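Novice: what shape does this take:
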Amino acid sequence: MDAVVKVGGSLLAEPEALKALCRTLDAASRQWRIAVVAGGGSFADEVRLQDRRFGLSPQTAHQMAILAMDQYGLLLAELLENGASVRSLRGAVALARKGKLPVILPSSFLLKPNPLDATWDVTSDTIAAYLAARLRAQRLILVTDVDGLFTADPKRNPRARLIPTVSLLELSQLPERTCVDRALPSQLRRQRVDTWIVSGLHPERLLQLLRGVPTVSTRLFP
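Specialist: This next block holds a predicted model:
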């Protein structure tokens with residue numbers, strides 16, 4: 001697999017941008033073998049809300065959040081002209097070889113047994129990294145609604161600066177919550193997949209990363 005592209009849930013709040021990103025992914029799938037992994041977005045936010053209300057066990061909350069990724073994945077498969085949902089890694093590889101764009105629905109092989117920790121520190125970022133390693137992808141591209149990692153929250157602090165490259169050790173030590181989950185650094189240290197964070201509001205940047213061309217983004221390195 002040339003790349004696993006995780007489409008962040010934050011883009012659900014930008015319908016036109018999400019549609020444009022899907023058109024870009026459709027075009028890219030005719031040149032590269034790509035698999036898509038959906039984030040959780042508002043589907044997972046509902047799980048968080050019910051977790052706060054009812055004090056769910058970590059296992060139940062984690063399973064519900066994985067099912068939230070399935071829901072977003074089905075939506076993406078609907079938006080992608082060349083896309084199709086798939087429930088196995090073997091199926092994803094087969095579709096990609098045919099020039100299709102597989103959207104992986106992870107619940108069928110992450111619920112029982114679950115190879116990842118059942119905690120809110122493990123979200124779709126870490127799951128996408130795990131799947132990228134299983135698919136032997138050359139790249140993992142995390143697409144979100146910001147340009148990459150910043151020195152502070154760019155939505156609140158106009159002086160926040162983009163961090164073009166960051167080591168996994170530095171990422172794990174950042175004091176503020178970032179646009180990726182807390183478990184990602186340790187997962188990437190085990191899997192060693194080349195990883196970038198890029199904005200889905202500028203789909204052309206995704207194409208540049210696929211071409212190996214530097215663009216506005218953050219690269220994570222060991």
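Novice: strands along the protein, start to end?
Specialist: For the chain, the strands defined by DSSP state E cover 3-7, 34-38, 83-86, 101-104, 139-144, 165-167, 194-199, 218-221.
Novice: next, count neighbours for the nearest residue to L201 once chain neighbours are set aside.
Specialist: Nearest non-adjacent residue to L201, counting by C-beta to C-beta, 6 or more residues apart in numbering: A17, 5.0 Å away. In short, each C-beta sits where N, CA and C put it, glycine included. Look at A17: counted by other C-beta atoms under 10 Å, it has 16 neighbours.
Novice: before we move on, the earlier item: in JSON lines, list the strands of the chain along with distance to D117 and mean neighbour count.
Specialist: Formatted as JSON lines, those follow (distance: least, C-beta to C-beta, whole Å; neighbours: other C-beta atoms under 10 Å):
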{"stretch": "strand 3-7", "distance to D117": "18", "mean neighbour count": "28"}
{"stretch": "strand 34-38", "distance to D117": "18", "mean neighbour count": "27"}
{"stretch": "strand 83-86", "distance to D117": "25", "mean neighbour count": "20"}
{"stretch": "strand 101-104", "distance to D117": "20", "mean neighbour count": "29"}
{"stretch": "strand 139-144", "distance to D117": "19", "mean neighbour count": "24"}
{"stretch": "strand 165-167", "distance to D117": "22", "mean neighbour count": "15"}
{"stretch": "strand 194-199", "distance to D117": "19", "mean neighbour count": "22"}
{"stretch": "strand 218-221", "distance to D117": "20", "mean neighbour count": "20"}
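Novice: is it possible to export those to JSON lines including mean pLDDT and distance to Q63?
Specialist: Listed next are the strands of the chain as JSON lines, based on pLDDT from 0 to 100; distance: least, C-beta to C-beta, whole Å:
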{"stretch": "strand 3-7", "mean pLDDT": "98", "distance to Q63": "19"}
{"stretch": "strand 34-38", "mean pLDDT": "98", "distance to Q63": "16"}
{"stretch": "strand 83-86", "mean pLDDT": "98", "distance to Q63": "19"}
{"stretch": "strand 101-104", "mean pLDDT": "98", "distance to Q63": "17"}
{"stretch": "strand 139-144", "mean pLDDT": "98", "distance to Q63": "23"}
{"stretch": "strand 165-167", "mean pLDDT": "96", "distance to Q63": "31"}
{"stretch": "strand 194-199", "mean pLDDT": "97", "distance to Q63": "26"}
{"stretch": "strand 218-221", "mean pLDDT": "96", "distance to Q63": "28"}
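Novice: quick one: which of those strands is nearest R53?
Specialist: Of all the strands of the chain, strand 34-38 sits nearest to R53, with 24.5 Å by C-beta to C-beta.
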